[in-house]
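# sharing a sequence plus its predicted fold:
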Amino acid sequence: MTAVELPIGMNVLVVSDGINESEATCNGLDKLGWKAWHLSANNLTRGEVISRPPDVALVAMHESIGSLLSAVQALVHEAPGLPIIVLTDDLGGAEQSLFSGAAAILPSQARTSLVHAQLRAALRQAASTRQSPESAGILRVRALKVDTMRCEVTANNHRLDLTPTEYRILSTLVRYAGRALGADFLLQQSSGIDIGAVGAREIVKVHVARLRKKLSEATGEPDYIANVRNVGYLLDRRKRGSRKP
């Protein structure tokens, strides 16, 4: 299989109130290769952070310190361990954000290149606490082993013959095993396309059907990828018996 995996750690959630937005929070990060998606503070607790899990978050709330802290606290609650970078010029807000769980503070109009560097630094720090050098680049769930360095998936020590899109969808599901992921998120991860949930659902279900067949043939277990009503799909960590595809 010839496939180039989309770099892990390139998904950034931008939470802002639309006031005094910097280039970084608008479209500057997209130009540097980040897959940035935006939410208002009000949408943080509606499940989108769970179904479209970011690798890092950028919070820029200028309306009030209260809204800034609420956004940080909501992210900490919705995605424990998520690195959070806050853009603010308010020293009190900066201090309280750090106490609330933010990883770093930058000026509200920081250059995009500086924001980019800080986001990468936060990801490196998070990765160093999650992985040992021996396990870096290897993801395992049940009989599956994903080698993100070689862009290969094996099941019971036999390599699966996957298309690049299938590999990217499956590696994303394995990476977030046990978590329901939206079809739009899976499509974005596999192809960089963002066309909304309805359009993505029609495309992704075709690839998922093929993946289910290949996984079932390789493992003898038909229950790896489960449908999650009104959300998308998840990769089951545990064997649960036969399921209809």
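Yep, that arrived.
# break this protein into its domains for me.
11-130, 135-235 (automatic domain parsing).
# helices of this protein, start to end?
23, 29-31, 48-51, 65-78, 91-100, 112-130, 164-175, 183-191, 197-219 (DSSP state H).
# save those helices as TSV, and put in distance to residue 59 too.
No exception for glycine: its C-beta is placed from N, CA and C like everyone else's. Listed next are the helices of the chain as TSV, based on distance: least, Cβ to Cβ, whole Å:
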stretch	distance to residue 59
helix 23	16
helix 29-31	14
helix 48-51	12
helix 65-78	5
helix 91-100	8
helix 112-130	12
helix 164-175	24
helix 183-191	20
helix 197-219	24
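# winner for burial among those?
Neighbour counts (mean count of other Cβ atoms under 10 Å) averaged over each of those peak at helix 183-191, with a mean of 24.
# who's in contact with that one?
Applying Cβ atoms under 8 Å, 6 or more residues apart in numbering, the contact partners of helix 183-191 are 6, 11, 35, 51-53, 165, 168-169, 172-173, 193-197, 200-201, 203-205, 207, 232-233.
# okay, the domains of the chain in TSV with mean pLDDT next?
Below are those laid out as TSV (pLDDT from 0 to 100):
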stretch	mean pLDDT
domain 11-130	86
domain 135-235	86
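# distance between stretch 203-222 and the chain's centre?
Stretch 203-222 has its C-alpha centroid displaced from the chain centroid by 22 Å (Cα atoms, centre = their mean, to the nearest Å).
# render the CA-only coordinates of it in CSV, please.
C-alpha atoms of stretch 203-222 as CSV (Å, rounded to 0.1, in the frame of the first residue of the first chain):
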residue,chain,number,x,y,z
ILE,A,203,-19.0,9.1,1.4
VAL,A,204,-17.7,7.6,4.6
LYS,A,205,-20.2,4.8,4.8
VAL,A,206,-18.9,3.3,1.6
HIS,A,207,-15.3,3.2,3.0
VAL,A,208,-16.6,1.9,6.4
ALA,A,209,-18.4,-1.0,4.7
ARG,A,210,-15.2,-2.0,2.9
LEU,A,211,-13.2,-1.7,6.1
ARG,A,212,-15.7,-3.9,8.0
LYS,A,213,-15.4,-6.6,5.3
LYS,A,214,-11.6,-6.6,5.4
LEU,A,215,-11.5,-6.5,9.2
SER,A,216,-14.0,-9.4,9.4
GLU,A,217,-12.0,-11.5,6.9
ALA,A,218,-8.7,-10.8,8.7
THR,A,219,-9.9,-11.3,12.3
GLY,A,220,-13.0,-13.4,12.1
GLU,A,221,-14.8,-10.7,14.2
PRO,A,222,-17.4,-8.6,12.5
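# show residues contacting it.
For stretch 203-222, with Cβ under 8 Å, 6+ apart as the criterion, the contacting residues are 142-144, 155-156, 158, 160-163, 165-166, 169-170, 183, 186-187, 190, 224-225, 232-233, 239, 242-243, 245.
# repeat that for 7 Å
Stretch 203-222 is contacted from outside by 143, 155-156, 158, 160, 165-166, 169-170, 183, 186-187, 224-225, 233, 239, 242-243, 245, using Cβ atoms under 7 Å, 6 or more residues apart in numbering.
# so residue 227 touches residue 233, yeah?
Yes: here residue 227 reaches residue 233: they are 6.3 Å apart, a contact under Cβ atoms under 7 Å.
# contacts only, for residue 16.
Taking Cβ under 7 Å, 6+ apart, we find residue 16 in contact with 25, 38, 60, 61.
# cool, and residue 39?
Counting by Cβ under 7 Å, 6+ apart, residue 39 touches 13, 15, 48.
# relative to residue 223, how far out is it?
Separation of residue 39 from residue 223 (Cβ to Cβ, to the nearest Å) stands at 32 Å.
# repeat for residue 119
In this view, residue 119 and residue 223 are 37 Å apart by Cβ to Cβ.
# buried subset of the contacts of residue 16?
Neighbour counting over these (16 or more other Cβ atoms under 10 Å) leaves 25, 60, 61 as the buried ones.
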